[in-house]
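Undergrad: I'd like to go over a predicted model; first the sequence, then the structure.
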Amino acid sequence: MFGTSAIPIAKELIKEANSIFYNFIWNGKDKVKRLALISDIEMGGLKMLDIQSMISAKRVTCIKKLLEDYSSHWKTILDKLLLAVGGRFVLHCNFQTSKLKINLPAYYKECFDAWSEINEKTPSCYREIINEIIWNNKFLCYDKKSMYRRDIVNLGFVKIGDLISANNSFSYDISSLINPEQRFFLMSIINSIPTERCSLIKASTDVTVADPIPSIPAIKMASGNVVPILDISPKQIYQIFLQQKQIAPTAKQKLTNKYSNIEIDWEKVYTLAFQCTLDANIREFQYKILHCIIFTNEKLNLIGVVESPNCTFCQEATECVKHLLFSCRITSNFWKHVLSWLRDNDVHVGIIKEPDIIFGKFDIVKDYILINHILLLGKYYIYYRKCQNSLPTLRGFIARTRHVFNIELHIAREKNKLLFHLQKWEKLINELK
């Protein structure tokens, strides 16, 4: 990413890089929307790097450097280019770079495009409208270009609120200092204000004075707080760009509708596998379950990979995820043996239901991590045996669990987390040694 911090980047290059990254993840066609993958784990994503957001964050960081208190030749050049739109004042405005009456070099255009994107505002209430800056405003244009007049700014006409009289009506005679040409220009500005905003102002009973413009341009954070750009780190800027793009996985609504009789805490569901195990294969498998991209015979039959959609184990019903992991008589019998084995070792799970298998078991306190890890292991083991065309057995499952235990033991020693490991596996240590 270092090279992107100093030169403009073609969109085709970003697209090609994204294709390489996502092809590596899926080994083919995308199975989860990319805008869902870039979300945090608790939102159903994988914290996948978003190249465009990273580049945009670097561009905004360049704007931040422009505002920092040190001199440089590039700042002098850029300030000269910005004179026609008010200099650094433009950073307070709701502008669109293509509508500014200046031509910026490609790199600086990307910087101002990124700043415009992160500060994009569409005023919708009285207070927001009267605090909207008139100048360089993408919504207030003449001949398809936004406007800036230093002489009128110096007379105090900066925001829409400065054009409104005490009774919330637009006035052309607010100041006796303006000359006829300036008054005519203000009339053209007022006429360019969208009709719905004018109606909202006239209908309002509020009489609010416009807020003063801060000395340092600011960015609105996800929390709603407005923070000066100089106080925001590049990582926070990147997060803001991500949050503007992120969407919920499509499978989330599908599963919510399917299990509408229970309340699903999605944050807990999405983070459970990462909380319970270090095994990447198990985490991946649970992620696929939650995004409805597990390939059972039902799906494989539709695309012609297998001849029959029936269950690999019982051959009695269509093999969907629910049947394979819970309803099948072979699977059901396997879970009974697993629960019995756990009870013999003083690990009490209670009754397991279909949602417990799909999402995790959240109605327990004692041995929470261990029990959910065992359920995750059990699901993965069942699917593994299906792929091997053989039946799941308790003996095979214990052997698989012992293998995972030893791997986690080694990692715990390497990361100095042996105490947590031993506490988690305490009740099964004698079985797994």
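TA: Everything's here; your move.
Undergrad: the stretch 301-433 of the chain: strands as residue ranges?
TA: Taking DSSP state E, counting those that start in this stretch as the criterion, the stretch 301-433 of the chain contains no strands.
Undergrad: mind listing the helices for it?
TA: 321-322, 329-344, 354-358, 368-387, 394-414, 418-425, 429-432 (DSSP state H, counting those that start in this stretch).
Undergrad: would you mind finding the most buried of the ones you listed?
TA: Across the helices of the stretch 301-433 of the chain, averaging neighbours per residue (mean count of other CB atoms under 10 Å) puts helix 368-387 on top, at a mean of 21. Just so you know, the C-beta spots here come from the backbone N, C-alpha and C atoms, and that holds for glycine as well.
Undergrad: tell me which of the helices of the stretch 301-433 of the chain sits nearest to Cys62.
TA: Closest approach to Cys62 among these is made by helix 394-414 (40.3 Å; CB to CB).
Undergrad: rewinding a little: to Leu255, which of the helices of the stretch 301-433 of the chain lies closest?
TA: When these are compared by CB to CB, helix 354-358 sits nearest Leu255, at 7.6 Å.
Undergrad: redo the helices of the stretch 301-433 of the chain as JSON lines? Include distance to Lys101 and mean pLDDT.
TA: Formatted as JSON lines, the helices of the stretch 301-433 of the chain follow (distance: least, CB to CB, whole Å; pLDDT from 0 to 100):
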{"stretch": "helix 321-322", "distance to Lys101": "59", "mean pLDDT": "95"}
{"stretch": "helix 329-344", "distance to Lys101": "69", "mean pLDDT": "96"}
{"stretch": "helix 354-358", "distance to Lys101": "58", "mean pLDDT": "96"}
{"stretch": "helix 368-387", "distance to Lys101": "60", "mean pLDDT": "96"}
{"stretch": "helix 394-414", "distance to Lys101": "60", "mean pLDDT": "93"}
{"stretch": "helix 418-425", "distance to Lys101": "62", "mean pLDDT": "91"}
{"stretch": "helix 429-432", "distance to Lys101": "73", "mean pLDDT": "88"}
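Undergrad: could I get those as a markdown table with distance to Asn225?
TA: What follows is those, written out as a markdown table (distance: least, CB to CB, whole Å):
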| stretch | distance to Asn225 |
| --- | --- |
| helix 321-322 | 42 |
| helix 329-344 | 48 |
| helix 354-358 | 38 |
| helix 368-387 | 35 |
| helix 394-414 | 39 |
| helix 418-425 | 36 |
| helix 429-432 | 48 |
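Undergrad: residue contacts, Leu83?
TA: Not one residue lies near Leu83 by CB atoms under 8 Å, 6 or more residues apart in numbering.
Undergrad: low-confidence stretches in the stretch 101-250 of the chain?
TA: The model of the stretch 101-250 of the chain has pLDDT under 70 over residues 171-177, 207-208.
Undergrad: those strands in it, which residues are they?
TA: 141-142, 145-146, 218-220, 226-228.
Undergrad: Trp135 is nearest to which of the helices of the stretch 301-433 of the chain?
TA: Closest among the helices of the stretch 301-433 of the chain, using CB to CB: helix 354-358, at 55.5 Å.
Undergrad: how about the closest one as CSV, C-alpha atoms only?
TA: Extracted in CSV, the C-alpha atoms of helix 354-358 (Å, rounded to 0.1, in the frame of the first residue of the first chain):
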residue,chain,number,x,y,z
GLU,A,354,-31.6,-27.5,16.3
PRO,A,355,-30.8,-23.8,16.9
ASP,A,356,-28.1,-24.9,19.4
ILE,A,357,-26.4,-26.9,16.7
ILE,A,358,-26.7,-24.2,14.0
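Undergrad: can you work out which other helices and strands pack against that helix?
TA: Judged by 3 or more CB pairs under 8 Å, 6 or more residues apart in numbering; DSSP states H and E, the packing partners of helix 354-358 are helix 321-322, helix 368-387.
Undergrad: burial of Val226, as a residue count?
TA: Residues lying near Val226 (other CB atoms under 10 Å) number 10.
Undergrad: is it bridged to anything, and to what?
TA: Using DSSP bridges, the bridge partners assigned to Val226 are Lys220.
Undergrad: residue contacts, it?
TA: Applying CB under 8 Å, 6+ apart, the residues near Val226 are 218-220.
Undergrad: from Asn310, how far out is it?
TA: 60 Å (CB to CB, to the nearest Å).
Undergrad: can you tell me which of the strands of the stretch 101-250 of the chain is nearest to Leu300?
TA: With CB to CB as the measure, strand 218-220 is the member of the strands of the stretch 101-250 of the chain nearest Leu300 (48.0 Å).
Undergrad: buried residues in the closest one, which are they?
TA: The neighbour-count check on strand 218-220 (16 or more other CB atoms under 10 Å) flags 218-219 as buried.
Undergrad: nearest residue to Asn406 in space, ignoring adjacent ones along the chain?
TA: Leu432 (7.9 Å; CB to CB, 6 or more residues apart in numbering).
Undergrad: before we move on, what about His421?
TA: His421 sits nearest to Ala412 (CB to CB, 6+ apart), 3.7 Å away.
Undergrad: can I assume the one you found is in contact with Gln423?
TA: No - with contacts counted by CB atoms under 8 Å, Ala412 stays clear of Gln423, the gap being 10.5 Å.
Undergrad: give the contact list for Leu376.
TA: Contacts of Leu376 by CB under 8 Å, 6+ apart are 272-273, 276-277, 282, 285-286, 360.
Undergrad: rerun that using 10 Å as the cut-off
TA: By CB atoms under 10 Å, 6 or more residues apart in numbering, the contact list for Leu376 reads 272-273, 276-277, 279, 282-283, 285-286, 289, 357, 360, 404.
Undergrad: list just the nearest of those to Asn103.
TA: Lowest distance from Asn103 to the contacts of Leu376 (CB to CB) belongs to Arg283, with 50.0 Å.
Undergrad: what helices or strands is the helix or strand containing the closest one leaning on?
TA: Using DSSP states H and E, Arg283 sits within helix 280-290. Using 3 or more CB pairs under 10 Å, 6 or more residues apart in numbering; DSSP states H and E, the elements in contact with helix 280-290 are helix 250-258, helix 266-276, helix 354-358, helix 368-387.
Undergrad: how about 7 Å then?
TA: In this structure, helix 280-290 packs against helix 266-276, helix 368-387, with contacts taken as 3 or more CB pairs under 7 Å, 6 or more residues apart in numbering; DSSP states H and E.
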